[in-house]
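Engineer: got a predicted model here, sequence first, then my questions.
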Amino acid sequence: MKYLLMIPGPVEIPDDILVSFQGQPVAHYGPEWAELYLETAGRISKIIGSKGRTFLMPGSGSLGLDTAAATFCRSKRCLVLNNGMFGERLYNIVSKHTPDVEVLKFPLNIPVDQDIVNKTLKDKKFDAVFMTQVETSTGILNPAEEISKISKENGALFILDAISSAAIERLEMDNWGVDITVTASQKGFECPAGLGIVTVKLSLLDGLRDSPGHTWYTDLRVWCDYYDMWHDWHPFPVTLPTNTIMALAKSSQIIETEGISSRQKMHKEISSRFRKAISELGLKLYAKENQCAHGLTAVSTDGKFEPSELIIFLKKKLGIQISGSFGEIKNHVFRIGHMSRKQCLNVNFISLLNGIAFFMKKSGINASIEKAIDALIE
């Protein structure tokens, strides 16, 4: 059965991008393909505010994070900022590449604290700092600009997990001093899953020549070698998912034409209206409104029902799929994704709100669907 995906990735793909993905694959080499690949990679760099080089790697966002750690953090002293499951994953990834890694934990329902990070970096020297811009397990938006500045002031690289934030949240890689940004194809870029996307400041790539690598696929030295040697026909070391890259090419063209600031404004306005609608149903946001990400919403059931019961009901009865959360908040938080233009259509939000309201009423809980829809379409 085909479900309406209102989850925080993979997203419902807009038709104008889906048509670029469908059909027979094309060869992943040759001058025409190399040109498309390099143009798309360059457009991604521009969208996230960088003059650095972007690598489109077959895999997931986690592959991109593994690549960043493998390439730049072997035997380095690293600090991972953790306020959720994906902060924990960052630690697990980085710790595979260096024994000298520490984690700085924060409460799940608030952003990373800048003052604590600053004090930690002043008290002890670190070579690199890792953080998620959007902690997808909780819907928290972390202060990437501020943490990047603090990292720079203390002589550390700043490596940003932008998997759930790129093309949604404000992100100015070069202006903020971010050294490496990692994202993926299946969220803000509205494409099928299958690409880890790594953007690196050029001066860091220049410095790679002086140090040996310890992996192959996840070592950007290898990718740079192919870029240099086979730039005009095969500027990457492996077979690429050409259909996914063609979809990404279309997506990046649309964002460039529309303007990234316009796309960010759309997400900010729509997420605000949707959260007002959720509140009108009688439910609470997991985090404060001004600390929430704009591509997903985490909702607390406040003990009124089990999230798993709502998730099963929506999927089985209405063909709508939303997500639960993880760990200690699993039993009282569910998550709704609104990362693509298709997910953000009023018709899809209204179907979802009606489904939640119907479930609540069946469970003996008051829910004002009329007020919720009024808030959504104000």
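Structural biologist: Cool, the structure landed.

Engineer: nearest residue to H97 other than its sequence neighbours?
Structural biologist: Take H97 and drop its neighbours on the chain: the residue closest to it by CB to CB, 6 or more residues apart in numbering is A69, 4.6 Å away. For every residue, glycine as well, the C-beta is placed using N, CA and C.

Engineer: also K250?
Structural biologist: S20 (4.0 Å).

Engineer: do you have the helices of the stretch 201-350 of the chain handy? List them.
Structural biologist: Along the stretch 201-350 of the chain, counting by DSSP state H, counting those that start in this stretch, helices occupy 202-207, 220-229, 242-258, 260-280, 307-313, 346-362.

Engineer: so what's the residue lying closest to E289 once chain neighbours are set aside up against?
Structural biologist: Spatial nearest neighbour of E289, chain neighbours left out: R275 (6.4 Å); criterion: CB to CB, 6+ apart. Neighbour list for R275: 285, 289, 292, 297 [criterion: CB atoms under 8 Å, 6 or more residues apart in numbering].

Engineer: swap in H332?
Structural biologist: Contacts of H332 by CB under 8 Å, 6+ apart are 300-303, 307.

Engineer: and if you look at L220?
Structural biologist: So L220 contacts 55, 67, 71, 198, 200, 205, 208 (CB under 8 Å, 6+ apart).

Engineer: which of these has the most neighbours?
Structural biologist: Ranked by the number of neighbours (other CB atoms under 10 Å), the contacts of L220 place V198 first, at 29 neighbours.

Engineer: that residue: which element?
Structural biologist: strand 195-200 (DSSP states H and E).

Engineer: buried subset of the contacts of R275?
Structural biologist: 285, 292, 297 (16 or more other CB atoms under 10 Å).

Engineer: what sits closest to the second one if chain neighbours are left out?
Structural biologist: The shortest distance from C292 to any residue other than its chain neighbours is 5.6 Å, reached at G139 (CB to CB, 6+ apart).

Engineer: any idea how far that neighbour is from Y286?
Structural biologist: Per CB to CB, to the nearest Å, G139 is found 6 Å from Y286.

Engineer: who's more crowded, those two?
Structural biologist: Per other CB under 10 Å, whichever of G139 and Y286 has more neighbours is G139, with 30 against 24.

Engineer: roughly how far apart are that one and L296?
Structural biologist: For G139 relative to L296 (CB to CB), the value is 5 Å.

Engineer: overlap in contacts, those two.
Structural biologist: Common neighbours of G139 and L296 (CB under 8 Å, 6+ apart) are R335.

Engineer: that older thread, mutual contacts of G139 and Y286, please.
Structural biologist: Joint contacts of G139 and Y286 (CB under 8 Å, 6+ apart) are A298.

Engineer: hmm, back to that, now tabulate the contacts of L220 in CSV and tack on distance to L376 and pLDDT.
Structural biologist: Shown next, in CSV, are those (distance: CB to CB, whole Å; pLDDT from 0 to 100):
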residue, distance to L376, pLDDT
F55, 39, 98
T67, 40, 98
T71, 44, 97
V198, 36, 98
V200, 40, 98
L205, 45, 94
L208, 49, 90
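
Engineer: relative to helix 260-280, how tilted is whichever strand or helix holds E35?
Structural biologist: If you go by DSSP H and E, E35 is part of helix 31-47. Helix 31-47 and helix 260-280 are oriented at 60 degrees to each other (axes from the mean of the first three to the mean of the last three CA atoms, to 10 degrees).
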